[in-house]
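Visitor: Need coordinates for the following:
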Amino acid sequence: MQREEFGSRLGFILISAGCAIGLGNVWRFPYIVGQYGGAAFILIYLLFLVIFGLPIMTMEFSVGRASRKSIAESFKVLEPQGTKWHNFGWIGMAGNYLLMMFYTTVTGWMFAYFFKMVRGDFVGQTTAQVSGQFTEMTSNPYILVGCMILAVVIGFGICSLGLKKGVEKITKVMMLSLLAIIAVLAVRAVTLPGAMEGVKYYLVPDFGKMVEKGIGEVVFAALGQAFFTLSIGMGSMAIFGSYIDKDKRLLGESVSIALLDTFIAFMAGLIIIPSCFAYNVNPGAGPGLIFETLPNIFNAMPMGQLWGALFFVFMIFAAISTVVAVFENILSFGMDLWGWSRKKACVINLIAVTILSLPCAFGFNLLSGVHPLGGDSTILDFEDFIISNNILPLGSLVYVLFCTWRKGGWGWDNFIDEANTGKGLKFPKWLKVYAKFILPIILFILWIQGYITMFFK
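Guide: Alright, predicted model coming up:
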């Protein structure tokens with residue numbers, strides 16, 4: 001069966017960026033910038049994005065394009081005979097399912113809050129009442145499961161229409177709409193009374209604040225954000241590499257995607273941080289910033305109900321673009337391994353992902369007594385820990401070793417030939433020593449640091 005291909009380069013860039021532009025950008029980035037001193041943190045983050053994220057993304061694209069397969073089969077196609085790289089395919093496949101087991105629930109929260117904004121549920125409420133609405137929502141299994149199923153059905157519904165007519169066409173509309181909405185919201189935020197103090201905090205580097213927080217902690221936070229923002233390590237990018245032709249060199253494509261990803265994250269911060277300053281709210285308030293703090297800000301804003309609804313439309317588009325991208329990867333497993341039709345893969349996986357996502361949705365209510373990581377941890381925290389602290393860093397390590405070690409792997413020469421086929425920005429051959437020896441050490445340290453942060457702080 002002939003491999004499907006994207007209809008345009010723009011489609012490839014927007015869909016790949018859509019996979020990277022998830023809630024980690026628009027939710028985590030603003031509050032982590034707020035916690036670690038504003039623009040000084042952003043500069044370190046950008047440095048790591050260039051020297052760390054781009055090479056690994058290019059490697060993942062190269063494996064996908066050279067094999068014309070998803071992670072389920074790509075290593076098997078390229079690996080030397082008798083080697084076992086293909087076994088990682090099962091881990092990568094499991095990682096995609098595991099990611100969607102909690103991501104669909106969080107996407108459902110965005111739908112729930114959009115409906116709340118439209119209905120005016122926050123109007124006239126006190127700060128405590130607004131904050132309490134999040135707990136009220138998560139404690140209701142019917143709302144959480146219903147909104148999770150809505151996210152799953154929409155995601156697979158888009159994928160069922162095909163790569164070009166569904167995934168590419170609809171993601172293009174979502175991403176372009178997302179860019180328009182974020183521009184409108186950013187203009188509204190920076191023109192609020194008192195917002196310019198927030199803009200200054202966000203854009204003017206203050207290394208003194210970074211020293212206060214601890215340089216080591218800030219550096220690792222920036223490294224972690226640069227790594228996780230691009231969704232690299234479990235084949236989420238390799239699948240889109242398998243759908244593109246060889247007209248363009250892959251480093252240039254990676255740069256385009258990383259720039260768009262960073263732009264969205266930056267603009268999300270430009271909405272949230274100036275708004276926080278305008279209404280005397282702590283911009284480093286943590287994950288609750290979106291659900292417990294921002295509704296209060298919209299309440300205080302003229303036409304706040306409209307701006308709040310627009311904000312959660314933006315959040316929905318950011319979340320659904322990732323859901324669709326990962327669902328496309330999940331569908332490719334059945335199509336590559338067992339020759340399923342797209343429709344059959346959609347039906348089977350719609351049922352499977354819905355069932356697999358139930359423990360996370362129930363983890364806030366019916367299963368709220370389950371604390372897999374101790375303390376107040378939830379099933380979502382546990383699933384996220386497996387993905388973020390294990391599969392992504394170790395999966396990236398597998399891609400790096402596979403693409404740089406000839407003995408037993410695909411090798412540097414094969415990787416460079418694939419990455420540099422076509423026109424555009426070349427992947428520098430002189431980076432071989434860095435990619436082969438230093439990058440794996442950084443990934444290993446990042447993996448260890450994840451455990452230290454989780455269990456020893």
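Visitor: contacts, neighbours, all on C-alpha from now
Guide: Will do.
Visitor: can you pull out the helices in the stretch 1-150 of the chain?
Guide: 9-20, 23, 29-35, 39-48, 54-67, 74-78, 88-119, 127-138, 141-160 (DSSP state H, counting those that start in this stretch).
Visitor: Among those, which one carries the weakest average confidence?
Guide: Sorting these by mean pLDDT places helix 23 lowest, at a mean of 76.
Visitor: same for that one, what does it pack against?
Guide: helix 304-338 (3 or more CA pairs under 8 Å, 6 or more residues apart in numbering; DSSP states H and E).
Visitor: can you pull the buried residues of the helix or strand following the helix it packs on?
Guide: Of the helices and strands lying after helix 304-338 in sequence (DSSP states H and E), the nearest is helix 342-362. Across helix 342-362, burial judged by 16 or more other CA atoms under 10 Å covers 342-343, 345-346, 349-350, 353-354, 356-362.
Visitor: Please apply the same query to stretch 35-47.
Guide: Buried-residue list, stretch 35-47, by 16+ other CA under 10 Å: 35-42, 44-46.
Visitor: Contacts for it, please.
Guide: 33, 201-207, 209-210, 213, 218-219, 222-223, 225-226, 283-286 (CA atoms under 8 Å, 6 or more residues apart in numbering).
Visitor: The residues you listed, buried ones only, as a PyMOL selection?
Guide: Buried members of these, defined by 16+ other CA under 10 Å, are picked up in PyMOL with:
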select buried, resi 33+201+202+205+206+207+209+210+218+219+222+223+225+226+283+284+285+286
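Visitor: In strands, which of the contacts of stretch 35-47 appear?
Guide: The strands, defined by DSSP state E, take in nothing from these.
Visitor: Lowest-scoring secondary structure element of this protein by mean pLDDT?
Guide: Using mean pLDDT, DSSP states H and E, helix 288 stands out as the lowest-scoring helix or strand of the chain, at a mean of 71.
Visitor: rewinding a little: quick check: the farthest pair among the buried residues of helix 342-362?
Guide: Across those, the longest distance by CA to CA is 29.9 Å; it joins 342 and 362.
Visitor: Which residue, other than its chain neighbours, is closest to residue 174?
Guide: residue 317 (5.9 Å; CA to CA, 6 or more residues apart in numbering).
Visitor: Identify the residues contacting the residue nearest to residue 305 when sequence neighbours are not counted.
Guide: Using CA to CA, 6+ apart and skipping residues adjacent in sequence, the residue nearest residue 305 is residue 117, 5.9 Å away. By CA under 8 Å, 6+ apart, the residues touching residue 117 are 305-306, 308-309.
Visitor: Could you check how far residue 117 is from residue 135?
Guide: Counting by CA to CA, to the nearest Å, the gap from residue 117 to residue 135 is 16 Å.
Visitor: Ok, residue 114 next?
Guide: Distance from residue 114 to residue 135, by CA to CA: 16 Å.
Visitor: Comparing those two, which shows the higher neighbour count?
Guide: residue 114 (22 against 14; other CA atoms under 10 Å).
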